[in-house]
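> Give me a model of this one.
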Amino acid sequence: MGPITTGERRKETLMGLGDDIKHNAESAKGSAKEGLGKATGNDEMVAEGKADKTKADAKKVGQDIKDAVTGE
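The predicted model follows:
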């Protein structure tokens, strides 16, 4: 396999940006669910929201590690 071309690097960067947007949206959804759960006194919804945020944050960390390894 030859060296990575500029076009390939640009494509990988755009894919990473899409993942960042997706992970941030998942985190925001979790925050909203947590807030709604607190407002309505629904402890199960609060827990689900926290779990959604934690899952999204873990995905972000994984993406950051991948980007660091690949040099993006």
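
> which residue packs closest to residue 36, ignoring adjacent ones?
Using C-beta to C-beta, 6 or more residues apart in numbering and skipping the chain neighbours, the partner closest in space to residue 36 is residue 45 (6.2 Å). The way it works is simple: take the backbone N, C-alpha and C, and place the C-beta from them, glycine included.

> Burial check on that neighbour, number of neighbours?
17 (other C-beta atoms under 10 Å).

> Next up, identify which helix or strand residue 18 is on.
Residue 18 is located in helix 6-40, with elements delineated by DSSP states H and E.

> now for that helix, which elements pack on it?
Helix 6-40 sits against helix 43-70, with contacts defined as 3 or more C-beta pairs under 8 Å, 6 or more residues apart in numbering; DSSP states H and E.

> average model confidence for the helix it packs on?
The predicted model gives helix 43-70 an average pLDDT of 92.

> and if you look at stretch 19-26?
Confidence over stretch 19-26 (mean pLDDT, whole number) is 90.

> For it, buried residues please.
19, 23, 26 (16 or more other C-beta atoms under 10 Å).

> I'd assumed residue 58 was in contact with the second one.
No - the pair residue 23 / residue 58 is not scored as a contact, 9.2 Å apart, by C-beta atoms under 8 Å.
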